[in-house]
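*Asks:* predicted coordinates and the sequence they were generated for:
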Amino acid sequence: MDNNIAILCSGGDVSGMNPAVKHFVEYSIQKGLTPYFIYDGYEGLIDNNIEQATYADVAGIITKGGTKIGSARSKRFLEKKYRKIAKKNLDKHNINMLVVLGGDGSFRGLDIFYKEHGIKFCGIPSTIDNDINGTEYCLGVDTALNVIRSALDSIRDTASSFKRAFVIETMGRDCGYLALVSHLTSGSELCLIPEVPYNLELYVNEFKKQLHHGRRYFLAIVSEGIEQDTNEIAEWFEKEVGIEARVTVLGHIQRGGNPTSYDRLMGYKFVNYAIDALIMGEQESVICYDKNGFNLKSIDEVAGIKKDLDPELLQYLID
């Protein structure tokens with residue numbers, strides 16, 4: 001039984017999942033394991049949408065965003081009766097090891113599943129929000145940041161041509177990581193994130209002064225988790241600062257696209273450590289990454305704990 005291992009994706013898709021899925025098949029076979037795909041996340045686990053995977057299944061997918069095996073947010077998996085069905089389906093295929101690409105909610109579900117049925121697992125943090133406690137980097141983040149960078153560079157051209165302020169909304173839920181890093185790497189004039197209180201009145205005189213001295217445009221990057229609506233920020237630019245403003249909501253384009261080299265490499269490494277951990281007997285863990293490299297952490301160290309942004313990055317914003 002211990003020679004069969006499966007992978008599934010849960011929650012929002014990210015670019016980097018396909019490279020990870022590809023290497024999962026290759027590394028599993030290299031280690032003498034038989035790899036299986038669970039399609040459409042926990043929903044597929046409940047519906048027995050499980051198939052043995054081969055090299056042919058992953059040929060050519062490394063350049064594609066999203067995930068070949070699908071993903072889902074499963075309300076059914078929250079119910080004990082459906083988790084029992086999921087366990088029976090795994091037993092049909094003699095699968096006793098799971099690698100799961102997902103986020104906080106996915107890992108909490110796995111923790112319950114393990115405690116009930118003993119299916120050992122290793123989680124790989126995979127969310128562009130980069131909001132999982134215990135890891136400095138989640139799969140898909142680099143591609144998302146590069147998509148945002150490209151969008152900001154294009155918007156800057158139009159903003160300059162028309163003498164406008166552009167308010168660009170990034171994803172991130174209650175975590176401002178994408179907005180903060182994009183602000184620091186794009187040279188935008190304003191950044192608003194949930195982690196830092198702000199008062200727009202403090203910017204009015206300075207922004208007016210900059211317009212008086214020849215500034216032609218402003219770029220404001222805001223995280224979707226701030227209290228104000230993005231359109232209200234645009235109205236503030238027009239009424240208080242005195243410059244025409246437009247809003248761009250980047251939305252789901254941040255989640256897709258050709259995975260960057262870094263996300264491909266991280267997918268490769270995450271999978272290596274996850275499979276090795278399971279082979280070595282780890283029962284329930286999450287592979288995390290920090291300045292000291294890759295390390296295993298328990299669910300209790302990861303799930304349900306709010307992640308704090310890097311104080312060094314926050315200091316640049318506060319200053």
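*Replies:* Perfect, thanks for sending it. Residues are numbered from 1 along each chain as shown.
*Asks:* packing partners of the longest helix seen in the chain?
*Replies:* Using DSSP state H to assign secondary structure, the helix with the most residues in the chain is helix 141-162. Using 3 or more CB pairs under 8 Å, 6 or more residues apart in numbering; DSSP states H and E as the contact test, the elements touching helix 141-162 are strand 165-170, helix 177-186, strand 218-223, helix 261-279. Every C-beta, even on glycine, is put in place using the N, C-alpha and C of the backbone.
*Asks:* can you check what angle separates the last one from helix 141-162?
*Replies:* I take that to be helix 261-279. Helix 261-279 and helix 141-162 meet at an angle of 160 degrees, taking axes from the mean of the first three to the mean of the last three CA atoms, to 10 degrees as the criterion.
*Asks:* report the buried residues of helix 261-279.
*Replies:* Within helix 261-279, the residues that qualify as buried by neighbour count (16 or more other CB atoms under 10 Å) are 263-264, 266-278.
*Asks:* pLDDT averaged over it - what is it?
*Replies:* If you average the pLDDT over helix 261-279, you get 97.
*Asks:* who's in contact with the most centrally placed residue in the chain?
*Replies:* The residue lying closest to the centre of the chain (CA atoms, centre = their mean) is Thr127, at 1.5 Å. Contacts for Thr127 (CB atoms under 8 Å, 6 or more residues apart in numbering) come out as 11-12, 14, 102-103, 138-141.
*Asks:* that one and Leu178, how far apart?
*Replies:* Taken as CB to CB, to the nearest Å, the spacing of Thr127 relative to Leu178 amounts to 11 Å.
*Asks:* likewise Leu202?
*Replies:* Separation of Leu202 from Leu178 (CB to CB): 24 Å.
*Asks:* so between the two, which is more surrounded?
*Replies:* Neighbours of Leu202 and Leu178, each counted by other CB atoms under 10 Å, are more numerous for Leu178; the result is 26 against 8.
*Asks:* that one and Gly123: what is the separation?
*Replies:* Relative to Gly123, Leu178 is positioned 21 Å away (criterion: CB to CB).
*Asks:* just Phe207 next, same as before
*Replies:* For Phe207, the distance to Gly123 (CB to CB) stands at 44 Å.
*Asks:* between these two, which is the more surrounded one?
*Replies:* Gly123 (29 against 21).
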